[in-house]
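Visitor: build the 3D model from these lines:
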Amino acid sequence: MNATAARLTALGRAELTLLSRNRNNLFIAVLMPVLMIFLLRSSLTNLDGDLPMGIAGATLVGGTGMVLVLVVYMNLVSTYVARREELVLKRLRTGEARDAEILAGGALPASVIALAQCAILTALGPAVLDAEAPHRPDLLVAGVVAGILLLVALAAVTTVITRTTESAGLTTLPFFLISAMGSGLMVPVDTLPDPVASVAGLLPLSGVMELIRAGWLGADAVGGKELLGAGLTTVAWIVLSVFAVRKWFRWEPRR
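Guide: Predicted coordinates for the structure are as follows:
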């Protein structure tokens, strides 16, 4: 256990150093979520009358999801592809680190940054937006942690169709748009027609967003059955994503 922790720490420290030298990835991880939260609040102004949770609640829920997608998913796709093309992943596999440790170590800085930003949003967001503090912090933490696990796996899966770091912006765009419109990041699920909302509930990030929503607004805002369904959907997508990583993830550049 100590050896595993030591390897993860070393990998995470090395990745953090590389991240600090990459201005593009650093901007996406640190500043982009803040800008997107302000954009999200502005875009929700026209929907004020159609939002049961209000603009502040929708901003906090969507903002938490936005942090996870931008910091973890979009940042990690570029990171994994860059390390693959530079043969870093191939060299790491010749050492003592296991495959899961290599991927987890590479994801460690982004995950810590995402957790820190979610913590800041939780602490300062209600005061800035004149909203209530999270009603169920346990569900909020569960949603954030589950979201990080899922998005790390999905980022690794997305590298299968991403040939270069330059193309990462294109290959990550479909998931970002689908999640923004269907999972409650930028368009609250409450505003969708019932048939569309039912289908959208099966999207990869929808279960996570339901947990986050229940964390901010309370379990009553979601409902017991919906909350159970959200948890099961999230677990199912994590299992499927991990299976896909084990089966198709590329450790060497495409030739």
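Visitor: could you check how far the spatially most central residue of the chain is from Gly207?
Guide: By C-alpha atoms, centre = their mean, the chain has its centre lying nearest to Leu68, at 3.0 Å. In this structure, Leu68 and Gly207 are separated by 13 Å, where distance is defined by C-beta to C-beta, to the nearest Å. All C-beta spots, glycine's among them, are computed from the backbone N, C-alpha and C.
Visitor: do Ala107 as well
Guide: Distance from Ala107 to Gly207, counting by C-beta to C-beta: 20 Å.
Visitor: likewise Ile178?
Guide: Ile178 sits 14 Å away from Gly207, going by C-beta to C-beta.
Visitor: who has more neighbours out of these two?
Guide: Neighbours of Ile178 and Gly207, each counted by other C-beta atoms under 10 Å, are more numerous for Gly207; the result is 28 against 16.
Visitor: surely the more buried one touches Leu227?
Guide: No - at 9.5 Å, Gly207 and Leu227 do not qualify as touching, with contact defined as C-beta atoms under 8 Å.
Visitor: ranges for the helices of the stretch 151-255 of the chain?
Guide: Per DSSP state H, counting those that start in this stretch, the stretch 151-255 of the chain has helices spanning 168-171, 173-182, 194-200, 206-217, 224-248. These are given in chain order.
Visitor: mind listing what's buried in the second one?
Guide: Pointing back at helix 173-182 there. Residues of helix 173-182 classed as buried: 175-176, 178-180, 182 (neighbour count, 16 or more other C-beta atoms under 10 Å).
Visitor: next one: the shortest one
Guide: Residues 168, 171 are the ones in helix 168-171 that count as buried (16+ other C-beta under 10 Å).
Visitor: now, of the helices of the stretch 151-255 of the chain, which is deepest in the fold?
Guide: Per-residue neighbour counts averaged over each of the helices of the stretch 151-255 of the chain give the maximum for helix 206-217, namely a mean of 28 (mean count of other C-beta atoms under 10 Å).
Visitor: and for that one, what's in contact with it?
Guide: 53, 57, 60-61, 64-65, 68, 134-144, 146-147, 150, 182-185, 189, 200-201, 221-222, 226-227, 229-234, 237 (C-beta atoms under 8 Å, 6 or more residues apart in numbering).
Visitor: tally of neighbours for Asp138?
Guide: Other residues within reach of Asp138 by the criterion other C-beta under 10 Å amount to 11.
Visitor: repeat that for Ala119.
Guide: So Ala119, with other C-beta under 10 Å, has 12 neighbours.
Visitor: distance-wise, check it relative to Val141.
Guide: Spatial separation of Ala119 from Val141 under the definition C-beta to C-beta is 10 Å.
Visitor: OK, contacts around Cys87?
Guide: If you look again at residue 87, you'll see it is Leu, not Cys. By C-beta under 8 Å, 6+ apart, the neighbours of Leu87 are 252-253.
Visitor: need the per-residue pLDDT for it.
Guide: Reading off the per-residue confidence, Leu87 sits at a pLDDT of 92.
Visitor: can you check Ala107 too?
Guide: The predicted local confidence for Ala107 comes out at a pLDDT of 93.
Visitor: can you tell me the element it falls in?
Guide: With the criterion set as DSSP states H and E, the secondary-structure element containing Ala107 is helix 99-129.
Visitor: please name the nearest non-neighbouring residue to Leu103.
Guide: If the residues on either side of it in the chain are set aside, Leu103 comes closest to Ala156, at 5.9 Å by C-beta to C-beta, 6 or more residues apart in numbering.
Visitor: for the one you found, give its distance to Ser167.
Guide: For Ala156, the distance to Ser167 equals 16 Å [C-beta to C-beta].
Visitor: look at the two and report which has more neighbours.
Guide: Just comparing Ala156 and Ser167: by other C-beta under 10 Å the higher neighbour count belongs to Ala156, 23 against 14.
Visitor: buried stuff in the helix holding Ala107?
Guide: If you call a residue buried by 16+ other C-beta under 10 Å, then helix 99-129 has these buried ones: 101-111, 113-115, 117-118, 121-122, 125-126, 129.
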